[in-house]
Each structure stands twice: as C-alpha cells, then as structure tokens.
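*Asks:* Provided below are the primary sequence and the corresponding predicted coordinates.
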Amino acid sequence: MRYILPPCAIILMASLFPNSSFALPVYLGIILYSILVTVGLHRKAAPQVKRQVLIAASGAVLTALGVGLFFYLR
C-alpha cells in the first residue's frame, strides 16, 4: 500500500491544485518519501535484486520530479 501513495498523491495534487504555490514542496516531499522507501527496499533486497531496485526507483523518482515540475511550471 505504501508504494502506491506517491503516484496517487502526484495525480491528486496535479489535478486539484495545478497552479498552487505549495504544489512544488508537496512534489518534493513525495520524491523524498519515494527515496526513503527505495532505501528500505534496497536494504532488504537480495544481492541479485538490488540493481533492479535502484534502476526502478531512480526511474520512478525522476518521473515524479518531471511530472511535478511540469505541472508547477505550466
């Protein structure tokens, strides 16, 4: 469940408050949360899976950052 929260929060913030002044800090908070979840998964993962976790997480964080900046600057 906790892995679904950042994408849902991004969609909710983008649709409800696209031009709000507090949207960028919320997006940054979502990114930090995603990084913390990634660190937790990376520590628990088997050695063979650690690289896959890092690749998937970096893609997710960069996507969240891109979507957040797009809607904030739009």
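*Replies:* Noted; the coordinates are in hand.
*Asks:* What is the burial count for Lys44?
*Replies:* 10 (other C-beta atoms under 10 Å). Glycine gets a C-beta too; all of them are placed from N, C-alpha and C.
*Asks:* same deal with Tyr27?
*Replies:* If we define neighbours as other C-beta under 10 Å, then Tyr27 has 24 of them.
*Asks:* next one: Phe70
*Replies:* 12.
*Asks:* mean confidence for the helix or strand it falls within?
*Replies:* Using DSSP states H and E, Phe70 sits in helix 50-73. On average, the pLDDT along helix 50-73 is 77.
*Asks:* next one: stretch 15-26
*Replies:* 71.
*Asks:* Which strands or helices does the helix holding Phe70 pack on?
*Replies:* Judged by 3 or more C-beta pairs under 8 Å, 6 or more residues apart in numbering; DSSP states H and E, helix 50-73 is in contact with helix 5-16, helix 23-44.
*Asks:* closest to Ser58 out of these?
*Replies:* With C-beta to C-beta, the closest approach to Ser58 among the helices and strands packed on helix 50-73 belongs to helix 23-44: 8.2 Å.
*Asks:* then the closest one to PDB, C-alphas only?
*Replies:* The C-alpha coordinates for helix 23-44 follow below in PDB (Å, rounded to 0.1, in the frame of the first residue of the first chain):
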ATOM      1  CA  ALA A  23       2.500  22.200  -5.100                       C
ATOM      2  CA  LEU A  24       6.300  22.100  -5.600                       C
ATOM      3  CA  PRO A  25       7.000  21.400  -1.900                       C
ATOM      4  CA  VAL A  26       4.500  18.600  -2.000                       C
ATOM      5  CA  TYR A  27       6.100  17.100  -5.100                       C
ATOM      6  CA  LEU A  28       9.500  17.300  -3.400                       C
ATOM      7  CA  GLY A  29       8.100  15.600  -0.300                       C
ATOM      8  CA  ILE A  30       6.700  12.800  -2.500                       C
ATOM      9  CA  ILE A  31      10.100  12.400  -4.000                       C
ATOM     10  CA  LEU A  32      11.800  12.200  -0.600                       C
ATOM     11  CA  TYR A  33       9.300   9.700   0.500                       C
ATOM     12  CA  SER A  34      10.000   7.600  -2.600                       C
ATOM     13  CA  ILE A  35      13.700   7.800  -1.900                       C
ATOM     14  CA  LEU A  36      13.200   6.600   1.700                       C
ATOM     15  CA  VAL A  37      11.000   3.700   0.500                       C
ATOM     16  CA  THR A  38      13.700   2.800  -2.000                       C
ATOM     17  CA  VAL A  39      16.400   2.800   0.700                       C
ATOM     18  CA  GLY A  40      14.200   0.500   2.800                       C
ATOM     19  CA  LEU A  41      13.700  -1.900  -0.200                       C
ATOM     20  CA  HIS A  42      17.400  -1.800  -1.100                       C
ATOM     21  CA  ARG A  43      18.500  -2.800   2.400                       C
ATOM     22  CA  LYS A  44      16.100  -5.800   2.500                       C
END
